[in-house]
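Asks: Kindly generate the corresponding structure for this input.
(one chain, ligands or ions: 2)
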Amino acid sequence: MSKIAIFGNYIYYDNKIVRDSYLLIENEYIAGIEKNINKNDYDEVIIKKDSAIFPGFINTHTHLPMVYFRGLADDLPLMDWLQKHIWPAENKWLSDEFVYDATLLAACELIRCGTICANDMYFYSKSIADALIKAGVKGVIGAGVLDFPTKFAKNLNEYLNNAEKLIDRYNDNPLIRVAICPHAPYTVSPESYKECIKFAEKHNLLIHTHLAETEWEINEIKNKYGKSPIQLMNEVGMFDTKAIFAHMVHLNQNEIELIGKKSVNISHCLESNFKLASGFAPIKDMLENGVNVTIGTDGAASNNDLDILAETSTVAKFHKAFSKDATALNAETVLKMLTRNAAKALYLDKMGIIKKGYYADFIVIDLNKPHLQPIYNPISHLIYSTKSSDITDVFINGKHILKDGIITTIDEEEILEKAKYWSNKIKNEN
Ligand SMILES: CSC[C@H]1O[C@@H](n2cnc3c(O)ncnc32)[C@H](O)[C@@H]1O
Ligand SMILES: [Zn+2]
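Replies: Numbers count the residues shown, from 1 in each chain. Ligands and ions are numbered 1, 2, ... in the order given. Presented below is the predicted three-dimensional model:
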């Protein structure tokens, strides 16, 4: 058995700040917290001076391999961006090799931003899972589903077969969970959503989809089915199954109350909504109505990064201004969205809190920086002042993945070189 003790000045243990203590880890789990320890009882004792220790972050909506399309097409609304640029690029470039290499780059960014788990939706999902396993990062790996043939699959059966293969392959993996991802109501029919629900319930999977992202989507769905995307999803049963909905920007008061009553899980992707000019999700109202709100970056081609800490800081500040209420979404609320709410939304047991018996998934922040002194409230500092570059250490399932600023599992230099190689190919051949 491996036993590690790590000393921190502020440890967010069981959702309260504990001062000057040792956090204890046994194998992949948190074993407790103590003011004093006998150092001989541990394989490793790590002293982090001027430090704060928080639960690792969970990014609830990503398309990880899209890091290779970062900056490829900017300053466009969603449908132009997707139809004229992103879908053609995906059709041309995606392969197992491309997706694996891109996901390693994404993993470096996730680790450096304190992310211990990403809820991903994409294609070639086996390669995403394999890259995350290599990096030591957890992932809910979603197999994308569309209603039209692509190079990834010919029909719904083939899309579902892709997911079935993932289930067989990663069933017992400690880092990976599998999900099924019908893309959106404008690319997947109500009948196909129903098939996805049946499939997910049979295999006990999470369903992950985009919903109510743009006004264009609302009009398109109203024209096609005579109802809003939220009404449509309610009718097909998507709010009565294990599911998470990315975006949820355009919904009325009745719809907010409906998803609140059903404790629906949503992934709020504010910076992507900003950049694609999609609009503003009414998050304060959703929280007040009982919706389980979590935070996602979306892909790096619409954000344009995977920095979930910066995203969270923006979420906290934006919704104060948007609701003209400075008390809205305080630092503790958004920290909860980033950790506990996210673990709950993704049905991840023993995650999201630093507590005895939970997975040892946590980050260490170096507080000895001009922008982090003095300290009155470490939670305020995490949300309003800390930059991802202040994160020195990341532990995932008890493994020291970022150690004093160095990624221990994968070769970051080599990964950056690969990114240059692929981007040169894309530039020259596009
Ligand atoms: C079903 S696999 C994922 C699919 O979604 C595309 N995508 C990326 N970002 C968004 C977004 O904000 N809204 C809708 N679709 C998006 C991605 O390019 C893949 O094709
Ligand atoms: Zn998305």
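
Asks: Now do the domain split for the chain, please.
Replies: According to the TED database, the chain comprises the domains 3-56+359-407, 57-346.

Asks: What is the neighbour count of Val129?
Replies: Small correction: residue 129 is Ala, not Val. Number of residues near Ala129 (other CB atoms under 10 Å) recorded here: 24. C-beta: built from backbone N, CA, C; applies to glycine.

Asks: how close does it sit to Ala212?
Replies: Plainly put, Ala129 is 29 Å away from Ala212 if you go by CB to CB, to the nearest Å.

Asks: in this structure, which ranges drop under the pLDDT threshold?
Replies: By pLDDT under 70, the weakly predicted segments of the chain are 430.

Asks: Spatially central residue for it, please.
Replies: Asn59 (1.8 Å; CA atoms, centre = their mean).

Asks: Enumerate the beta-bridge partners assigned to it.
Replies: Assessed by DSSP bridges, Asn59 has beta-bridge partners Ala118.

Asks: That one reaches Asp298, doesn't it?
Replies: No - between Asn59 and Asp298 there is no contact under CB atoms under 8 Å: 9.4 Å.

Asks: just how off-centre is the host helix or strand of Phe7 within its chain?
Replies: Per DSSP states H and E, Phe7 falls inside strand 3-13. With CA atoms, centre = their mean, to the nearest Å as the basis, strand 3-13 stands 25 Å off its chain's centre.

Asks: Contact residues of the stretch 51-200 of the chain facing ligand 1?
Replies: 63, 78, 82, 86, 90, 121-123, 144, 181, 183-184 (CB under 6 Å from any ligand atom).

Asks: who's in contact with the helix or strand harbouring Lys425?
Replies: For Lys425, the element it lies in under DSSP H and E is helix 412-429. Residues outside helix 412-429 that contact it (CB atoms under 8 Å, 6 or more residues apart in numbering): 67-68, 72, 89, 92-93, 98, 101-102, 104-105, 108.

Asks: Quick check: Val140 is in a strand.
Replies: Yes - counting by DSSP: H, G, I helix; E, B strand; the rest coil, Val140 is part of a strand.

Asks: From what I see, it and Cys117 are in contact.
Replies: Yes - with contact defined as CB under 8 Å, Val140 counts as touching Cys117 (7.1 Å).

Asks: anything in contact with each of these two?
Replies: Residues touching both Val140 and Cys117 (CB under 8 Å, 6+ apart) are 346, 348.

Asks: so Ala212 sits right up against Pro229, yeah?
Replies: Yes - assessed by CB under 8 Å, Ala212 is found in contact with Pro229 at 5.0 Å.

Asks: Now for those two: what residues contact both?
Replies: Ile218.

Asks: Mind checking what secondary structure the residue in the stretch 101-250 of the chain that ligand 1 sits nearest to has?
Replies: Residue of the stretch 101-250 of the chain nearest ligand 1, by CB to the nearest ligand atom: Gly144 (2.8 Å). Following three-state DSSP, Gly144 is assigned to strand.

Asks: what sits opposite it in the beta ladder?
Replies: Cys181.

Asks: Name all residues that make contact with it.
Replies: Going by CB under 8 Å, 6+ apart, Gly144 touches 121-123, 125, 152, 159, 181, 183.

Asks: let's see it at 10 Å
Replies: 63, 90, 120-125, 150, 152-153, 159, 162-163, 180-183, 187-188, 208 (CB atoms under 10 Å, 6 or more residues apart in numbering).

Asks: do the same with Asp305
Replies: Listed by CB under 10 Å, 6+ apart, the contact partners of Asp305 are 67, 70, 109, 113, 271, 297, 311, 388.

Asks: Pop out the phi and psi values for it.
Replies: Note on Asp305: its backbone torsions stand at phi -150, psi 180 [degrees, to the nearest 10].

Asks: Just checking the distance from stretch 222-235 to the centre of its chain.
Replies: Stretch 222-235 sits 27 Å away from the centroid of its parent chain (CA atoms, centre = their mean).

Asks: How about the secondary structure of the nearest residue to Ile396 once chain neighbours are set aside?
Replies: Sequence neighbours aside, Ile116 is the residue nearest to Ile396 in space, at 4.8 Å (criterion: CB to CB, 6 or more residues apart in numbering). Following three-state DSSP, Ile116 is assigned to strand.

Asks: how close does Ile116 sit to Thr409?
Replies: Ile116 is 13 Å from Thr409, by CB to CB.
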